[in-house]
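Student: structure of the sequence below:
(one chain, ligands or ions: 1)
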Amino acid sequence: MRTTRTRGPADRAERRALPGDREGSYVDPMTTNAEGAHAPVVCDRVGPLMERLLRDAGLTTGMRVLDAGCGRGDVSSMVARLVGPTGLVVGIDRDAGAIEAARERMRAEGHASVELFVGDLLSARSHGAPFDAVVERRVLMYQPDGAAAVRALAECLRPGGIFAFQEADATMIPASSGATPLHDRVIRWAWQTVAREGACTSMGLLLPGLLEAAGLALEGIRAEAVVQTASHRHVTASIVRAILPRIVARGIATEAEVDVETLDARLEHELRATGQAFVSDVAISAWGRRR
Ligand SMILES: C[S@@+](CC[C@H](N)C(=O)[O-])C[C@H]1O[C@@H](n2cnc3c(N)ncnc32)[C@H](O)[C@@H]1O
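Tutor: The predicted structure is shown next:
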């Protein structure tokens, strides 16, 4: 079986960036639901993409679902709402701190049918497989061998079981309707940071091939973009704040260059003053079944 090393093209990452994860320390800024998540203008524009994928893939009441690389439980929470109290969500993450945060969140949200484990997705089978469905978001991009990871997740499914995977991809961003130099720079900081940490910056477009190589039956693929305007903004400044120590540690930008306290206002001003639309994130969703 061919082994695919899924590290992304570092040269591309020079102009593209994606926030994410690093070894041993959970930070998930792109998918954060932190400050601004419920504000009318600046909000999480990524969460709804995953919720739509889960529904379209066919997740429903009563299913037993594995959430691989569950992090702090954003996706586990969505799945728990879909499968209800008669279903089960099993979340696995290698980061103990993230699992603790996810447990706290599930308690706060009253989800009794969620079980969370510290562990590697390569051994996810030992946590109750076979499952009716396996889901993941922005986890494969951090694997040294994406093909092996997909095969391991496929083996967690019962025959006919559903997979719903979503990965980011930097190939098509940044993009805008005109000059947006600050937005370009900010997105580049984030992508360069995760690329230097070893993440694959083109996992979204690699995903369909990996799924088919693992023998899974692909039923749907789509790309969705987060388009920001002055009146429809994403939590970009919060993302940068969350990963600022990593940006600085990797030598991507200095604290003075980022000037995080004024960043949100400057981003807002750039879009308002220019009237441009800016594409800051592309999510590739793929779903289907185990044969
Ligand atoms: C960017 S976060 C995404 C978290 C969650 N899926 C979400 O969308 O909110 C990536 C997560 O994958 C976890 N992770 C990465 N590689 C893993 C592995 N091999 N086994 C288990 N967890 C892993 C990280 O610890 C981190 O929590």
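
Student: smallest gap between the stretch 151-291 of the chain and the ligand, at which residue?
Tutor: Residue nearest to the ligand within the stretch 151-291 of the chain: residue 166 (7.9 Å; Cβ to the nearest ligand atom). Backbone N, C-alpha and C define where each C-beta goes, glycine included.

Student: wasn't residue 129 part of a strand?
Tutor: No - counting by DSSP: H, G, I helix; E, B strand; the rest coil, residue 129 is not found in a strand; it is coil.

Student: test my guess that it contacts residue 153.
Tutor: No - if you go by Cβ atoms under 8 Å, residue 129 and residue 153 don't touch, sitting 9.8 Å apart.

Student: bridging residues for the residue of the stretch 151-291 of the chain closest to the ligand?
Tutor: With DSSP bridges as the criterion, residue 166 is bridged to residue 137, residue 285.

Student: isn't it up against residue 283?
Tutor: Yes - if you go by Cβ under 8 Å, residue 166 and residue 283 touch, sitting 5.5 Å apart.

Student: now do the shared contacts for these two.
Tutor: Counting by Cβ atoms under 8 Å, 6 or more residues apart in numbering, the contacts common to residue 166 and residue 283 are 49, 50.

Student: give me the more crowded residue out of the two.
Tutor: Shown here are residue 166 and residue 283; by other Cβ atoms under 10 Å, residue 166 has more neighbours (27 against 23).

Student: what sits against that one?
Tutor: Per Cβ under 8 Å, 6+ apart, neighbours of residue 166: 49, 50, 53, 136, 137, 138, 283, 284, 285, 286.

Student: okay, now residue 70: neighbour count?
Tutor: Neighbourhood size, residue 70 [other Cβ under 10 Å]: 29.

Student: and it, how far from the ligand?
Tutor: Using Cβ to the nearest ligand atom, to the nearest Å, residue 70 is found at 6 Å from the ligand.

Student: SS state for the closest residue to that residue other than its chain neighbours?
Tutor: Leaving aside its sequence neighbours, residue 70 sits nearest to residue 91 (Cβ to Cβ, 6 or more residues apart in numbering; 3.3 Å). When classified by three-state DSSP, residue 91 comes out as strand.

Student: quick one: residue 196 and residue 252 touch, right?
Tutor: Yes - using Cβ under 8 Å, residue 196 is in contact with residue 252, at 7.3 Å.

Student: just say helix, strand or coil for residue 252.
Tutor: Classified using three-state DSSP, residue 252 is coil.

Student: please look at it and residue 194 and confirm they touch.
Tutor: No - judged on Cβ under 8 Å, residue 252 makes no contact with residue 194 at a distance of 10.1 Å.
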